[in-house]
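Trainee: return a 3D structure for these sequence lines:
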Amino acid sequence: MGLFDRLKARLTRTRDALSEGLAKVFKGGRPIDAALLAELEAVLYQADLGPVASEVMAEINRLHALGSIKGEDEVRAVLREVLLNFVAPPDVHSGEIEFTHKPTVLLIVGVNGSGKTTSIAKLAHRFQSQGKSVLLGACDTFRAAAAEQLEIWANRNGAPIVRAKEGADPASVAFDAVESACVLGMDVAIIDTAGRLHTQKNLMEQLGKVQRVIAKRLPGAPHEVWLVIDGVNGQNAIQQAKQFTAHVPITGLVVTKLDGTARGGAVCTIVRELKLPVRYIGTGEQLELLEAFEPTAFVDAIVGQAVPR
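Mentor: Residues are numbered from 1 along each chain as shown. As a prediction, the model looks like this:
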């Protein structure tokens with residue numbers, strides 16, 4: 001099964017909200033008029049396209065006034081083109097990471113409940129399947145049993161883990177993890193951090209300390225700082241992301257739980273607003289259900305095709 005088919009199968013709720021919504025608007029071969037355009041705009045907002053919806057509608061209205069757009073196929077083509085422009089701008093390179101350092105150090109951040117720890121396990125599994133050796137650093141020393149949870153995932157993946165007692169200094173654990181990765185000759189070190197609300201200023205500032213300590217042990221590291229975003233939060237994730245970028249230099253996004261939400265369209269707005277690449281998307285609970293983000297396949301999966309009449 002190719003990437004498009006996998007995404008189509010997993011992103012059913014977003015596809016239903018958008019693609020099936022379009023089919024209902026045009027049911028019976030309705031001509032494009034003011035009433036249809038109003039219904040079409042509602043469908044776009046229900047798919048959580050947010051500000052992108054207004055830009056899509058502006059282009060559709062412009063082309064309709066010129067007589068260049070007459071039915072569902074043309075509307076889908078316009079929608080596809082506009083969404084691709086948002087999720088794949090020329091200066092943003094999404095998708096699979098290239099490992100240019102040894103070890104490549106990844107610092108993973110996010111709010112509570114975003115799926116951060118599970119995403120780390122999936123990343124470790126993915127990189128190992130590519131022949132990379134992976135070490136995990138359990139720097140979430142605040143949440144009860146956080147290190148234990150990550151250790152379970154590490155054992156499942158057969159990956160070494162560096163951890164400390166609950167309440168230990170996260171920056172110290174991060175230093176030890178990078179030190180171990182260097183000594184052991186690991187290809188990748190993935191550093192977990194405590195989930196934190198974007199409003200918790202002291203914890204947000206702590207991320208900066210973790211980053212500085214990592215750089216002290218290995219100049220240039222962390223090589224990537226990825227923010228894990230819960231896809232269910234849709235547009236609300238944008239404000240969270242902006243707060244994180246104010247404290248650490250976020251270089252990419254991992255969007256989780258897209259299989260369980262109709263709000264996957266928010267990915268388009270997130271990329272547009274933050275100018276950050278989506279590296280991976282989570283489409284299920286199993287370790288294998290983490291996909292490198294491919295803009296064309298993603299847009300095609302949620303926009304769909306017109307239903308033959």
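Trainee: quick one, strands of the stretch 1-150 of the chain?
Mentor: Under the criterion DSSP state E, counting those that start in this stretch, strands of the stretch 1-150 of the chain are mapped to 104-110, 134-139.
Trainee: name the residues of the first one that are buried.
Mentor: Same thing as strand 104-110. Neighbour counts over strand 104-110 (16 or more other CB atoms under 10 Å) mark 104-110 as buried. Where C-beta positions appear, they are placed from N, C-alpha and C, glycine not excepted.
Trainee: among the strands of the stretch 1-150 of the chain, which is nearest residue 86?
Mentor: Closest to residue 86 of the strands of the stretch 1-150 of the chain is strand 104-110 (CB to CB; 22.5 Å).
Trainee: which elements pack onto that closest one?
Mentor: Under the contact definition 3 or more CB pairs under 8 Å, 6 or more residues apart in numbering; DSSP states H and E, strand 104-110 sits against helix 116-129, helix 170-184, strand 188-193, helix 201-217, strand 224-230.
Trainee: ok, of these, where does mean pLDDT dip lowest?
Mentor: Between the helices and strands packed on strand 104-110, the one with the least mean pLDDT is helix 201-217; it has a mean of 88.
Trainee: show me what contacts the closest residue to residue 76 other than its chain neighbours?
Mentor: The shortest distance from residue 76 to any non-neighbouring residue, by CB to CB, 6 or more residues apart in numbering, is to residue 303 (5.7 Å). Counting by CB atoms under 8 Å, 6 or more residues apart in numbering, residue 303 makes contact with 18-19, 22, 76, 79-80, 83.
Trainee: again, only using 7 Å
Mentor: Contacts here follow CB atoms under 7 Å, 6 or more residues apart in numbering; on that basis residue 303 touches 18-19, 76, 79-80, 83.
Trainee: coming back round to it: among the helices and strands packed on strand 104-110, which is nearest residue 33?
Mentor: strand 224-230 (37.9 Å).
Trainee: now the buried residues of strand 104-110 in CSV, with pLDDT and distance to residue 166?
Mentor: Formatted as CSV, these follow (pLDDT from 0 to 100; distance: CB to CB, whole Å):
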residue, pLDDT, distance to residue 166
104, 98, 28
105, 98, 24
106, 98, 23
107, 97, 21
108, 96, 19
109, 94, 19
110, 90, 20
